[in-house]
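J.: coords please:
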Amino acid sequence: LEALGSDLKAELEFVAGWAMDSPKNYQVWAHRRWLAERTSTFQAEADFCQSMLDDDAKNFNSWAHRQFCVKHFNEWGAEAEFAHRMIKRDLRNNS
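T.: Model prediction:
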């Protein structure tokens with residue numbers, strides 16, 4: 001896509017819809033990760049993950065993507081608070 005000069009922001013929007021249609025599809029999340037590295041921000045990805053987790057709090061792919069983004073964007077500061085809030089929401093969620 002980069003070599004073709006594709007609009008990666010548009011691709012990120014496309015992948016958002018794809019993820020909503022197929023939230024447990026590994027290829028969707030691998031592609032989103034690739035795009036996030038090149039075009040996104042931590043807040044945008046955190047918001048996207050939150051919206052996906054609001055639909056299904058046990059979506060392992062969304063949790064894994066969030067972990068990737070925390071590491072990639074070096075945003076560890078608020079992660080403990082986020083995890084605590086999600087644990088309070090569903091104590092039995094082991095995702």
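J.: In this structure, where is pLDDT below threshold?
T.: The chain contains residues with pLDDT under 70 at 95.
J.: and with 80 instead?
T.: By pLDDT under 80, the low-scoring segments of the chain are 91-95.
J.: What is the neighbour count of Ala64?
T.: When neighbours are counted by other Cβ atoms under 10 Å, Ala64 registers 15. C-beta coordinates here come from the backbone N, C-alpha and C atoms, glycine included.
J.: In contact with it, which residues?
T.: Trp29 (Cβ atoms under 8 Å, 6 or more residues apart in numbering).
J.: do you know how far Leu8 is from Ala46?
T.: From Leu8 across to Ala46, the span is 19 Å (Cβ to Cβ, to the nearest Å).
J.: more crowded one of the two?
T.: More crowded of Leu8 and Ala46, by other Cβ under 10 Å: Ala46, with 20 against 17.
J.: looking at it, the more buried one is touching His72, isn't it?
T.: No: Ala46 is beyond contact range of His72, at 11.6 Å (criterion: Cβ atoms under 8 Å).
J.: Could you check stretch 40-52 and say which residues are buried?
T.: The neighbour-count check on stretch 40-52 (16 or more other Cβ atoms under 10 Å) flags 40, 42, 45-46, 48-49, 52 as buried.
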